[in-house]
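Participant: Okay, here's the prediction I keep looking at, along with the sequence it came from:
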Amino acid sequence: MAIQILLLIGVSSCIALEGKSRLKLMDESRGANLLDLTLKDGEEIFLYWRNSLFNLDVIEKFTIDQGTLILTEVHFFNPSESPPPLISLNELEDFYQTGDSFSVQGLQKKLTRIDFRIGEIGHPKLRVKDQILDLKELVGFGGKVRLTIQKDF
């Protein structure tokens with residue numbers, strides 16, 4: 001009996017330590033809630049969009065951590081070409097400016113809010129769990145979308 005109680009206490013304390021964050025996506029133009037859900041630490045979300053200046057597809061990978069989105073990877077690429085080269089973190093700024101294809105991993109950029117202005121070419125899509133949210137389809141050209149995250153107590 002004592003072992004069962006200790007086991008139960010151990011399991012419940014592990015559950016309490018699991019971090020959760022509340023992710024919200026709002027249509028700022030209309031004040032409409034597009035997404036509101038709780039994610040566990042370690043879960044990932046992805047932003048897909050097209051860079052209109054360099055005509056490259058972009059994938060940004062974010063990991064949920066204690067009420068923040070951590071940008072961990074960025075990939076700029078042309079889908080009809082071979083995979084982009086993996087670059088080091090200190091090369092990132094140059095590659096952002098030149099318009100070359102690249103992939104970078106190991107980023108640790110912490111964010112709690114991201115604002116999107118929906119353009120004609122970018123066509124941003126957000127993948128959260130099993131959902132793909134087409135931001136242009138949801139709010140239209142010129143719309144403003146705000147993604148926020150905070151610790152869920």
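Facilitator: Cool, got the structure. These numbers were taken from a predicted model, which means no experiment stands behind them. Numbers count the residues shown, from 1 in each chain.
Participant: just the helices in the chain please.
Facilitator: For the chain, the helices defined by DSSP state H cover 2-17, 92-98, 135-139.
Participant: Which neighbouring elements make contact with the second one?
Facilitator: Of the remaining helices and strands, those touching helix 92-98 by 3 or more Cβ pairs under 8 Å, 6 or more residues apart in numbering; DSSP states H and E are strand 102-111. Just so you know, the C-beta spots here come from the backbone N, C-alpha and C atoms, and that holds for glycine as well.
Participant: Any buried residues in the strand it packs on, and which?
Facilitator: Going by neighbour count (16 or more other Cβ atoms under 10 Å), the buried part of strand 102-111 is 102-104, 107.
Participant: Could you do stretch 108-124 as well?
Facilitator: In terms of neighbour count (16+ other Cβ under 10 Å), stretch 108-124 has its buried residues at 114, 116, 118, 122-124.
Participant: Repeat that for stretch 23-32.
Facilitator: Of all the residues in stretch 23-32, those buried under the rule 16+ other Cβ under 10 Å are 23, 25-27.
Participant: Generate TSV for those residues, with pLDDT and distance to residue 78 as supplementary columns.
Facilitator: Supplementary listing: the buried residues of stretch 23-32 in TSV, determined by pLDDT from 0 to 100; distance: Cβ to Cβ, whole Å:
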residue	pLDDT	distance to residue 78
23	98	30
25	97	28
26	98	32
27	97	31
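Participant: quick one: which of those residues sit in strands?
Facilitator: Helix and strand membership here follows DSSP state E; of the buried residues of stretch 23-32, those in strands are 23, 25-27.
Participant: of the residues you listed, closest to residue 63?
Facilitator: For those, the closest approach to residue 63 (Cβ to Cβ) belongs to residue 23, at 12.3 Å.
Participant: Can you tell me who the closest one pairs with across the strands?
Facilitator: Beta-bridge partners recorded for residue 23 (DSSP bridges): residue 37, residue 149.
Participant: thought it was touching residue 35?
Facilitator: Yes: under the contact definition of Cβ atoms under 8 Å, residue 23 touches residue 35, with a separation of 6.8 Å.
Participant: which neighbours do those two share?
Facilitator: Here residue 23 and residue 35 share the contacting residues residue 128, scored by Cβ atoms under 8 Å, 6 or more residues apart in numbering.
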